[in-house]
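Novice: Kindly generate the corresponding structure for this input.
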Amino acid sequence: MSGPSRSSHLRWRRASAAVALVAAAGVLVLGVTVAVDDFPRGLLLLLCAALVAAGTWEGVLRRGWGRVAGLAIAGAALAGGLYVLGDEGYRRSLLLLGVAALVWHAAARVAFRADVVLPAAPRPRRPVVVINPRSGDGRAARAGLVTAARERGIDVVELRPGDDLAELVREAVDAGADALAMAGGDGSQAVVAALAAEADLPYACIPAGTRNHFALDLGVNRDDVVGALDAFVDGGERLVDLAEVNGRVFVNNVSLGVYAEAVQQEGYRAAKLRTLLDTVAASRAGDGASRDLRWTTPGGRTMQGAAVVMVSNNQYRLGGAAGAGTRPTVDEGLLGVTVVDPPVSGVRRRRRPWRQWVTPDFRVEATRPVPAGVDGEAAVFTPPVVFRTRPAALRVRVAAHHPAASPSAIEPVGALPALQALLRIAGGGDPRQRPPRVPPAVRQRAR
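Specialist: Numbers count the residues shown, from 1 in each chain. Got it, this is the predicted structure:
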């Protein structure tokens, strides 16, 4: 995207944040003014203003039913205020309150929209996309991806049964490819991303798999498979991290424990839920390999056994906040560790059932081979299972018309952090909740 377009985009976001703050102040001033001028009856309008403000704010910070509930509370409070305080003076004040709350909500939504502008990158001369026609139940074929790629001057390599994906990519690089893309599932994305990082070539993630978690956290529109190819036409570039487990690169996460054991089962793909429940029962009875896992907490304690140990390429946001289940950033240079260990009936335990932390490396010990789910694919590792991050290892291209940010990259968790974020955006700061970029020297050491 050009410089003027980038500047215009930033000005629009900054203006939206400023409007949201002014509207919020208007709601507060209106409620307090009426409460003071017509005390104590005016306190009812102040209460109404507080409920409207809280409901519309929750509508900004939540998704799905949480957003619906927040807006419903705001609407009910406003309607109740009009019913109870329906005289002419209060009617005008309540209508002003409703307009201000609506402006606040809409402007804040715009300011927090997961949408950033990346620095423009030169168009590669010979980009190559590898397409797995079987991924996502043939999603690439349904989208006409082969034809669309060739129309954009992108060479196409189709992955056929029995082909070695890594070998195909290496052949393309040896033949002169100066950019690589993968249209397939997250497991395939990891293979191509690792080779692109090794060759220091730009990489594009084409969301032609089933769930496309990596694409989502990179800010690629998962509903626009063909448009993702424009990463090599008008795309911007950013540096993101990779992670590895016992030398194998992954882009999303590695799960040990119940999920990993379930993935190993022959019938998992056909009956995922039933297989997972059967594995949970075995694990809780003490028969599962997850009871054998040992690791050290940030405080230095050695722990053993858990239902799930998930190590991710940067930390996931969990819970009910906006963007839950995604990673706010994939360029923090840290692994995210999540340990889930719910209590077992009849067994007294003193540790927390749920814990998260970040670390540059992580080690899991065991006395037998460790089943794992690596980006959703089954694997078995010889212990110890060693994880480490590769900071700023991958040059990612994202199409200019795609968000280029995770759904949780801009939306903070909690009312106060969100208000602070609005102030920062209105002041011209970076809307993303992210640390400074990893210095180039660190990137070179990580390779």
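Novice: outside of stretch 100-111, which residues touch it?
Specialist: Applying CB atoms under 8 Å, 6 or more residues apart in numbering, the set of residues contacting stretch 100-111 from outside is 12-13, 16-17, 19-20, 23-24, 26-27, 30, 52-53, 56-57, 59-60, 71, 74, 78, 418, 422, 425-426, 431. Quick note: C-beta positions are derived from backbone N, CA and C, even for glycine.
Novice: Give me the buried subset of these.
Specialist: 13, 16-17, 19-20, 23-24, 26-27, 30, 52-53, 56-57, 59-60, 71, 74, 78, 418, 422, 425-426, 431 (16 or more other CB atoms under 10 Å).
Novice: hey, where'd the helices end up in the stretch 201-350 of the chain?
Specialist: 213-218, 258-264, 272-284 (DSSP state H, counting those that start in this stretch).
Novice: typed the wrong thing, it's the stretch 1-150 of the chain
Specialist: 3-37, 42-61, 64-84, 88-111, 139-143, 145-151.
Novice: For the helix or strand that the last one is followed by, name the packing helices and strands.
Specialist: Which is helix 145-151. Counting by DSSP states H and E, the next helix or strand C-terminal to helix 145-151 is strand 155-158. Where contact means 3 or more CB pairs under 8 Å, 6 or more residues apart in numbering; DSSP states H and E, strand 155-158 is packed against strand 127-131, helix 145-151, helix 165-174.
Novice: Sheet partners, orientation included, of the first one?
Specialist: Strand 127-131 has the following sheet partners, assigned by DSSP bridges: strand 155-158 (parallel), strand 179-183 (parallel).
Novice: Which strand runs longest in the protein?
Specialist: If you go by DSSP state E, the chain has its longest strand at strand 385-398.
Novice: where are the low-confidence patches of the stretch 151-300 of the chain?
Specialist: Per-residue confidence for the stretch 151-300 of the chain (pLDDT under 70) gives these ranges: 259-290.
Novice: contacting residues around the nearest residue to residue 84 once chain neighbours are set aside?
Specialist: Leaving aside its sequence neighbours, residue 84 sits nearest to residue 44 (CB to CB, 6 or more residues apart in numbering; 6.5 Å). For residue 44, the contacting residues are 81, 84, 85, by CB under 8 Å, 6+ apart.
Novice: Identify, from those, the entry nearest to residue 170.
Specialist: Proximity of the contacts of residue 44 to residue 170 (CB to CB) peaks at residue 81, which lies at 67.6 Å.
Novice: With residue 52 as the reference, measure out to the closest one.
Specialist: Applying CB to CB, to the nearest Å, the value for residue 81 to residue 52 is 8 Å.
Novice: just to revisit the earlier point, following the longest strand of the chain, which helix or strand comes up?
Specialist: Counting by DSSP H and E, what follows strand 385-398 is helix 415-426.
Novice: From the contact counts, what lies against that next one?
Specialist: Counting contacts by 3+ CB pairs under 8 Å, 6+ apart, helix 415-426 is packed against helix 3-37, helix 42-61, helix 88-111.
Novice: May I have it exported as CSV, CA atoms only?
Specialist: Provided in CSV are the C-alpha atoms of helix 415-426 (Å, rounded to 0.1, in the frame of the first residue of the first chain):
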residue,chain,number,x,y,z
ALA,A,415,-12.4,-2.1,30.2
LEU,A,416,-9.4,-0.2,31.6
PRO,A,417,-6.8,-1.6,29.2
ALA,A,418,-9.2,-0.9,26.4
LEU,A,419,-9.6,2.8,27.5
GLN,A,420,-5.9,3.1,27.7
ALA,A,421,-5.6,1.6,24.2
LEU,A,422,-8.1,4.2,22.8
LEU,A,423,-6.0,7.0,24.4
ARG,A,424,-2.8,5.6,22.8
ILE,A,425,-4.5,5.2,19.4
ALA,A,426,-5.9,8.7,19.5
